[in-house]
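Asks: sequence first, predicted coordinates after that:
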Amino acid sequence: MKASSLRQLAIFIVLSGFSSLSTADLFGDLKNASDLIKRAGEMLPTSRAAPREPSRPNQEQPDATPRKEEVLPANSHEGGDISSNYFDSLGFDVGEIATIEPLDKTTFKTLYVPSYKGIPRIGLMPKYSQVNVARHIKDDATKRLRNDMWIYHSLRLLAVMDEHVTDEALEAVAVSAKPYSVRGKTRSFEKYALFNYTPSYHIAGLVSTMLSKTLDLYFCNTNKCSYPNGFNPSNGGGWGGINANEFKARRAYNDYMKTETPKLKAWAKSLSPDVYIVGRIQLGNYDFKKKGFSLQLVFPKEGLLNPRYAPRNREERVFGDFIDGKLVAGQSFFISLDAEKAEALQHKTKIANASMSMLYFTVKGQVHNAAAPTGNRGRSNRVRGGVALALEVTGSTVEFFSDELLTNKIFEAAIK
């Protein structure tokens, strides 16, 4: 039944009830009748009421926890970017952040990447596990930092692999066809360490650096689309938008590859290859005879990117290194401390609810090539073309800290 018919029927019922319960003559007292009809109409919905928006089961439900007005989700600002003071208003210390401006600010987001001495870090990313703020605030900030760190190093890899990212390699790929790929070596003296690089996966994986208004051109065919941090074509509707046919999907894919690839390559080439490699190491037992701690650094396997330690000179090794399947030992470091200071250091760096003490370390390095992924071979590697980053150490010292933000330096050791 239409809303207008329901409205008339309800008014009739209300008037009838009033007539039977009151001594008033409704047909003789027009003023009372008019007032009653007006009040009844106010109690009932009108046909102009805005319809309730249908629920979308595939969309994430909003967080009901009250938010501070100055702290907005990291992907909630106009165009998909965030305000310049966002990380200063979170209520906890996120550590040093490098701001990486795109060459084309009308297409791409500004990147905010965890850094040390102004240089982006790679390997272990801060987890902020001890932060005491509302969970959604920490999660929003962490997701943005993780995604931006991912994008930055994927761009660095794109600069290294530039020669393989050709029009032929990208245009030869249909949305559903087997993509073009190329094999290569990380280092010339290795016999077996080959990588298999797929340029189209790499370029497609960089869509999450684009502003929302740019993403709409390739992934939106409705009135409103949303793109979570880490958006990629394998979710959120895919090329051409939700349920796009193969012709629309292919047009969107080809337009993206043709229009955005040159911009991404130019931005990638403008970035420095320098990084700070960050990891952690167990402090271990105190050597009472030598009066200190012996440390054997292990290249960090934690983090987002599964980079590989692969110095171009086989004789210069800081970390242990695999060459043709054989482990070659890296350098060891001895830190001299008297027993009293050593005990204080163990106490200061002890992991909560555990018997071990942990230090964080960093050393300067560079990205110089691609490498076969050493860990997870899922989405994290696919979006970078199926490869990981190959790194080497370029710094002369290793610095050790008691915290993951690299703010409380304990000591440093020279690299031999």
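Replies: In hand now; what should we look at? Residues are numbered from 1 along each chain as shown.

Asks: now do the buried residues in the longest strand along the chain.
Replies: The single longest strand within the chain, with elements called by DSSP state E, is strand 358-371. Residues of strand 358-371 classed as buried: 359-371 (neighbour count, 16 or more other CB atoms under 10 Å). Using the backbone N, CA and C atoms, a C-beta is placed for each residue, glycine as well.

Asks: now swap in stretch 345-358 and tell me
Replies: Buried residues in stretch 345-358, defined by neighbour count with 16+ other CB under 10 Å: 345, 346, 349, 357.

Asks: using a markdown table, lay out the residues you listed together with pLDDT and secondary structure.
Replies: Formatted as a markdown table, those follow (pLDDT from 0 to 100; DSSP: H, G, I helix; E, B strand; the rest coil):
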| residue | pLDDT | secondary structure |
| --- | --- | --- |
| 345 | 92 | helix |
| 346 | 92 | helix |
| 349 | 91 | coil |
| 357 | 92 | strand |
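
Asks: gap between the longest strand of the chain and the chain center?
Replies: Taking CA atoms, centre = their mean, to the nearest Å, one finds the center of strand 358-371 at 20 Å from the center of the full chain.

Asks: how about stretch 93-111?
Replies: Centroid separation between stretch 93-111 and its chain, computed with CA atoms, centre = their mean, is 13 Å.

Asks: same check on stretch 307-318?
Replies: Remark: stretch 307-318 is offset 28 Å from the chain centroid, using CA atoms, centre = their mean.

Asks: again with stretch 226-245
Replies: Centroid displacement of stretch 226-245 relative to its chain, using CA atoms, centre = their mean, is 16 Å.

Asks: same question for stretch 402-410.
Replies: For stretch 402-410, the separation from the chain centroid amounts to 23 Å (computed by CA atoms, centre = their mean).

Asks: next: stretch 278-297.
Replies: Chain-centre distance of stretch 278-297: 34 Å, with CA atoms, centre = their mean.

Asks: again, but for stretch 347-355
Replies: Centre-to-centre, stretch 347-355 and its host chain are 29 Å apart (CA atoms, centre = their mean).

Asks: for the remainder of this discussion, apply numbering that starts at 12.
Replies: Fine by me, first position is 12 from now on; the one you just mentioned is stretch 358-366.

Asks: so what touches that stretch?
Replies: 294, 367, 368, 369, 370, 413 (CB atoms under 8 Å, 6 or more residues apart in numbering).

Asks: how much space is there between the third one and residue 306?
Replies: For residue 368, the distance to residue 306 under the criterion CB to CB, to the nearest Å works out to 12 Å.

Asks: shared neighbours of these two, which are they?
Replies: Residues touching both residue 368 and residue 306 by CB under 8 Å, 6+ apart: residue 294.

Asks: which residue packs closest to residue 241, ignoring adjacent ones?
Replies: Closest residue in space to residue 241, ignoring its immediate chain neighbours: residue 158 at 4.9 Å, by CB to CB, 6 or more residues apart in numbering.

Asks: just say helix, strand or coil for that neighbour.
Replies: helix (DSSP: H, G, I helix; E, B strand; the rest coil).

Asks: which residue lies nearest the spatial centre of this structure?
Replies: Central residue of the chain (CA atoms, centre = their mean): residue 158, 1.8 Å from the mean position.

Asks: what's the farthest-apart pair in the buried residues of strand 369-382?
Replies: Maximum pairwise distance in the buried residues of strand 369-382, criterion CB to CB, is 30.4 Å, between 370 and 381.

Asks: test my guess that residue 346 contacts residue 307.
Replies: No. If you go by CB atoms under 8 Å, residue 346 and residue 307 don't touch, sitting 11.9 Å apart.

Asks: more crowded one of the two?
Replies: Applying other CB atoms under 10 Å to residue 346 and residue 307 shows that residue 346 carries more neighbours, namely 18 against 14.

Asks: and the pLDDT at the more buried one?
Replies: Note on residue 346: pLDDT of 90.

Asks: measure it to residue 220 for me?
Replies: In this view, residue 346 and residue 220 are 41 Å apart by CB to CB.

Asks: now for residue 425, how many residues are close by?
Replies: Counted with other CB under 10 Å, residue 425 comes out at 8.

Asks: let me see the contact set for the spatially closest residue to it that is not a sequence neighbour.
Replies: Nearest residue to residue 425 in three dimensions, chain neighbours excluded: residue 408, at 5.5 Å (CB to CB, 6+ apart). Taking CB under 8 Å, 6+ apart, we find residue 408 in contact with 374, 423, 424, 425, 426.

Asks: run the last query once more with 7 Å
Replies: 423, 424, 425, 426 (CB atoms under 7 Å, 6 or more residues apart in numbering).

Asks: now do residue 230 against residue 257, distance only.
Replies: 15 Å.

Asks: for the two, work out which one has more neighbours and name it.
Replies: The residue with more neighbours, out of residue 230 and residue 257, is residue 230; 25 against 12, by other CB under 10 Å.

Asks: phi, psi for the more buried one please.
Replies: Torsion angles at residue 230 (phi, psi; degrees, to the nearest 10) stand at phi -130, psi 10.

Asks: which residues touch stretch 253-273?
Replies: 176, 181, 182, 185, 186, 214, 229, 232, 233, 249, 250, 251.

Asks: and residue 422, what is it in contact with?
Replies: 346, 411.

Asks: sounds good, over and out.
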